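1. Just the structure for this:
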Amino acid sequence: MILKLEPQTLANEFSQLGIHPASEAIFLHKSEIVPLKILDIRTPAANIIKQEMLACGGDCAIPAGCVVCAEERVDVILLGTYKHYARLLEKLTQMPYFGMAGIKSELMAILDAPIPQTILSDGRTLNYDKMLVMGILNITPDSFYAGSRVPQLEQVVEKADYSKVDAAISAIPSDLSIYTEESVANLNAAKDAVVRDLDITKQAEVDKMAEAIQNAIEALQLKKADYSKVDAALGNIPKDLSIYTKESVAKLEEAKEAVVRDLDITKQAEVDKMAEAIQKAIDNLKKKANVQPTPDNKPNNSVTTGDGTMILLMIMLVVVSGGTILIADKKRRRNS
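-> Predicted coordinates for the structure are as follows:
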C-alpha cells in the first residue's frame, strides 16, 4: 500500500518511521516535493529503492536498522518530484524481484490518479488535494446539532497528565517518623502544592509539581540514633578501676572503644547493643584479691583481717608497749 502524505505531517511521520535523528532536518528540507509512504515492503526492496531514488535525484527515508536488515519488513517514505518518480518507475520495470512489480503498480496508480474535486452550483471548483479535518464543539445550547454540544468548557479542553505526580506521591516512604521534622515538612509542602484538574496547557507546571515531590523525597534526612542508654551505661562505670583485675578492666575499655557516635535511627539496635556491652562489662568487673573497696569505690587503707600472723604481731606489740610503759612509770616513782 502506498499513501500520499501531506507536507505538514512529515515530521510526525518521520518520528513514527524511526529514522536517524540527524536525517530528519535533511528530509524536511525536501518536503516541498511530493512525499509518498510505502507500507510493509521487504527490507531488501527498501534498500534498493533508497539507492535508486538517490540516483534519480530524490531521496527515501528508511528506518535506522534497515541497512543491516534488522527487520524483515519495513515502511519507507519517498521524497521526490513527478520527474523523479517517472525515472524510478523505469528502474522498477527492470526489477521483478522482492515484490517490486507490486510496488510499481501501486506507485503508478497513485501518480496517475486525478485530484478529486467538486463543482459548486455557482461554478466554483473545490479541490481536495490538501484536505484537512476539523471538529467543532459548541459550548452554547443553541447549536443546531445536539451531538456537538458540551455543557462546560472544561470538558472540551484536554486534562493535564498527572501520572508523574501520582508516581512521585506513591514513592513517599510509608514511615516518615524516622526522618527529621524539617525534611518531612518540606515534603509535605511539596505534596500540598499539587493543584489538580489543570488542563493540558499547564502540563509543564504539573510536571514541576512531580519534580518538587521527588526532590523532597531525595532530600529526606534520617534522625540520629538515641545514645541515652550508652551515656547512662558510661555513667555507671566505677570511678576507681584500680581495684579490679586487668582482664576485666580491659574488657570494659574494649566495650567503651567500640562505641560509634553519629549513627542514624536505622542503626538504633546497634547503638543499644553498645550500651548492653558496656553494662555487661561493668557487671563482670572482678576485684583484686584482699582488696575491699570503700563505699565511694576507693581502696580502704586499713589492714585487712584475713592474715592471722599480722593480728598476732599487733597483739604482741600492744602487750610489749604496755609493759614498757609500766616499767618506765615505776622507775619514775622510785626516783621521785
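2. Please give me every residue in contact with L92.
-> Contact analysis of L92 by C-beta atoms under 8 Å, 6 or more residues apart in numbering lists 52, 100-101, 103-104, 107. Backbone N, C-alpha and C define where each C-beta goes, glycine included.
3. neighbour-wise, which of those residues leads?
-> I103 (22 neighbours; other C-beta atoms under 10 Å).
4. Make sure that one is actually in contact with R42.
-> No. I103 is beyond contact range of R42, at 9.7 Å (criterion: C-beta atoms under 8 Å).
5. I'd like the distance between I38 and A61.
-> 11 Å (C-beta to C-beta, to the nearest Å).
6. joint contacts of these two?
-> 76-77.
7. Would you mind telling me which of those two has the busier surroundings?
-> The neighbour comparison of I38 against A61 (other C-beta under 10 Å) goes to A61, with 26 against 21.
8. Next, that one: phi, psi?
-> Here is the backbone geometry of A61 (degrees, to the nearest 10): phi -90, psi 130.
9. Tell me, what's the model's pLDDT at the residue nearest to it when sequence neighbours are not counted?
-> In space, and not counting its chain neighbours, A61 is closest to I77: 4.2 Å by C-beta to C-beta, 6 or more residues apart in numbering. pLDDT recorded at I77 is 93.
10. And for E211?
-> 95.
11. so which strand or helix has it?
-> If you go by DSSP states H and E, E211 is part of helix 203-218.
12. now, the most widely separated pair of the contacts of L92?
-> Farthest-apart pair in the contacts of L92 is E52 and A101; separation 14.8 Å (C-beta to C-beta).
13. contacts for the helix holding E211?
-> With contacts defined as C-beta under 8 Å, 6+ apart, helix 203-218 is touched by 160-162, 164-165, 167-169, 171-173, 183, 186-187, 189-191, 193-195, 198.
14. Please compute how far that helix lies from its chain's middle.
-> 13 Å (C-alpha atoms, centre = their mean, to the nearest Å).
15. What is the subsequent helix or strand relative to that helix?
-> Later in the chain than helix 203-218, the nearest helix or strand by DSSP H and E is helix 228-235.
16. So which elements touch that following helix?
-> helix 268-283 (3 or more C-beta pairs under 8 Å, 6 or more residues apart in numbering; DSSP states H and E).
17. Tell me the buried residues in the helix it packs on?
-> 268, 271, 274-275, 277-279, 281-282 (16 or more other C-beta atoms under 10 Å).
18. does D122 sit in a helix or strand, and which one?
-> In this assignment (DSSP H and E), D122 forms part of neither any helix nor any strand.
19. What segments of the stretch 1-150 of the chain are strands?
-> 2-4, 34-42, 59-61, 73-80, 117-119, 125-127 (DSSP state E, counting those that start in this stretch).
20. Could you pull up the contacting residues of N236?
-> Contacts of N236 by C-beta under 8 Å, 6+ apart are 278-279, 282.
21. run the last query once more with 10 Å
-> Listed by C-beta atoms under 10 Å, 6 or more residues apart in numbering, the contact partners of N236 are 278-279, 282-283.
22. and what of K280?
-> So K280 contacts 233, 251-252, 255 (C-beta under 10 Å, 6+ apart).
23. Return the distance of it relative to K273.
-> Relative to K273, K280 is positioned 10 Å away (C-beta to C-beta).
24. same deal with D226?
-> Here the distance between D226 and K273 works out to 13 Å (C-beta to C-beta).
25. and what of S23?
-> 64 Å.
26. repeat for G80
-> G80 sits 79 Å away from K273, going by C-beta to C-beta.
27. cool, and E13?
-> Distance of E13 to K273, given as C-beta to C-beta: 67 Å.
28. picking that back up, show the buried residues in the contacts of helix 203-218.
-> 160, 162, 164-165, 168-169, 172, 183, 186-187, 190-191, 194, 198.
29. okay, now the domains of the chain?
-> Here the chain is described, according to automatic domain parsing, as comprising the domains 2-112, 163-218, 228-283, 305-336.
30. now these in JSON lines, with distance to L126?
-> Output for the domains of the chain, formatted as JSON lines (distance: least, C-beta to C-beta, whole Å):
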{"stretch": "domain 2-112", "distance to L126": "17"}
{"stretch": "domain 163-218", "distance to L126": "33"}
{"stretch": "domain 228-283", "distance to L126": "74"}
{"stretch": "domain 305-336", "distance to L126": "127"}
